[in-house]
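In: Dropping a prediction and its sequence here:
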Amino acid sequence: MSNTHEHAAELEHHDGHGHDHEHAEVHGPVAFAVPGGLKKGALGLIVAGAVLLGAGFATAGEHPTWRLWSNLLIASMFFALLAVGAGFIVAIMHVTKAGWGVVTRRVPEAMTTYLPVALLTMLVVGGLGMHDLYEWSHPDIVAEDHLLRHKSAMLNPTWYLGSVAVIIGGWSLLTTLLRKNSVAQDSDGDVKHTGKNILTSVLFLIFFGLSITIGSLIWLMSIEPHWFSTMFGVYQFSGAHKAAAAAGTLFLIYLSKNGHLKQVNPSHIHDWGKMMFAFSTFWAYIWVSQFLLIWYANIPEETGYFLLRQEPGWIALFALNVILNWVIPFFTLLPRPNKRNPAVLVPVAIVVLLGFWLDLYLQVMPGTSHFTAEHHKLEHLHGPFFGPMEFGAMALLGGVFLLVVPAMMAKVSLVPVKDPYLQESLHHQQ
């Protein structure tokens, strides 16, 4: 399979319940050293992002802090959801015993290692930018608003920072355990690590399903605290999985094309392409369901969210959001050959990631700009807004992401060399 290692004789491992598991052991790890160009590129993005943020802040005019923190919130959520979406993919692979994905699993495992950084950035954004982002953080506004007073039990600084610590900290802890067990199996080949990861994955999926709903409600939906949607949590989940599948596809194609992960074949790429295709469609289903339910019910507290995003300026982006996140990936990846073709998958994955950013931008920026305009009586403040700060925030945290994830890939074998399903994955064909 790979010129970096050979297959040895089959070994038997006992799982403690009277069953023997056979797998072909692979001698030696599949090593990966981060290319100097990739490391320099990541550092360059960090520097460029910081410069752009500074330049944008200096030239943004009156009350520039709201825009700074809005963009940092968008970028922080982008990479946090990307990382936890990768954790969801890993957990699903374990729970379903998806043998096909073993040789690709170290990529989403490495993506989850960004979560401690996401925890830090979200605490910084919440701690320093709260008053520019959330009207419920202003006691004078809450005192005069009957609804906000009733919601203050949850919408308050303590709950916000606590939810970040518990939720993202929980994601980080559980995904760290998944990766730790996976790597430990590389050394001893004990099948008990597979069993532990199945149990940990079940716990992660339960916690993730509950926590992403609570977290997205506090961190994103409360930007417009008079608005509510019962579908908002699953909407964030669909976006996170779609984006993680796109990013994972890009990493896998990069590693395989540059000879770092020769075990990946077109069938593996096909399955990752199917994930991107399927969850783009699932995202569209949730988007349409949320929109149509609110449109049909026609309740003022719900419709205001969409009315704001259909105002002049925002309406074009509102439509572009659906085009990037569903129309392009759906019709491009519908033919089977396209899901196996890196020349097609790479641009589609980039489009999906751009769409994911735009989706978060539309969840944050209209609300924060509207609040700032009203709070500071800036009638001239209207969007959309594109400038150095929008690019700078994503470049800054994107550089950190590209610094952390490949570095964590380099710390372990790129292939789980003693996973009991390794042979199934190496010979995966469809």
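Out: That came in fine, so what should we check first?

In: Tell me which helix or strand comes right after whichever helix or strand residue 182 is part of.
Out: Using DSSP states H and E, residue 182 sits in helix 157-188. As assigned by DSSP H and E, the chain's next helix or strand after helix 157-188 is helix 192-219.

In: so who does residue 287 touch?
Out: Residues counted as contacts of residue 287 (CB atoms under 8 Å, 6 or more residues apart in numbering) are 235, 322, 325-326. For every residue, glycine as well, the C-beta is placed using N, CA and C.

In: any weak-confidence spans in the stretch 251-400 of the chain?
Out: Counting by pLDDT under 70, the stretch 251-400 of the chain has low-confidence residues at 376, 379-380.

In: mind redoing it with 90?
Out: Along the stretch 251-400 of the chain, the parts satisfying pLDDT under 90 run over 296-302, 312-313, 371-383, 385.

In: So which residues of it form helices?
Out: 266-297, 300-309, 314-322, 328-333, 336-339, 342-375, 388-410 (DSSP state H, counting those that start in this stretch).

In: Which of the ones you listed sits closest to residue 167?
Out: Within the helices of the stretch 251-400 of the chain, the stretch nearest residue 167 is helix 342-375; the backing value is 17.0 Å (CB to CB).

In: before we move on, the earlier item: would you tell me which of the helices of the stretch 251-400 of the chain gets closest to residue 160?
Out: Checking these against residue 160 by CB to CB gives helix 342-375 as the closest, at 14.9 Å.

In: In JSON lines: the helices of the stretch 251-400 of the chain, plus distance to residue 130.
Out: Listed next are the helices of the stretch 251-400 of the chain as JSON lines, based on distance: least, CB to CB, whole Å:
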{"stretch": "helix 266-297", "distance to residue 130": "26"}
{"stretch": "helix 300-309", "distance to residue 130": "21"}
{"stretch": "helix 314-322", "distance to residue 130": "24"}
{"stretch": "helix 328-333", "distance to residue 130": "35"}
{"stretch": "helix 336-339", "distance to residue 130": "43"}
{"stretch": "helix 342-375", "distance to residue 130": "12"}
{"stretch": "helix 388-410", "distance to residue 130": "17"}
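
In: so which of those gets nearest residue 51?
Out: Among the helices of the stretch 251-400 of the chain, if distance is taken as CB to CB, the winner is helix 388-410, at 7.2 Å.

In: how much distance is there from that closest one to the middle of the chain?
Out: 13 Å (CA atoms, centre = their mean, to the nearest Å).

In: Mind giving me the packing neighbours of the following helix or strand past it?
Out: Along the chain past helix 388-410, the next helix or strand (assigned with DSSP H and E) turns out to be helix 422-426. Identification of packing neighbours for helix 422-426 by 3 or more CB pairs under 8 Å, 6 or more residues apart in numbering; DSSP states H and E yields strand 20-26.

In: Any idea how far apart the tips of stretch 138-148 sit?
Out: End-to-end distance of stretch 138-148 (CA to CA, to the nearest Å): 10 Å.
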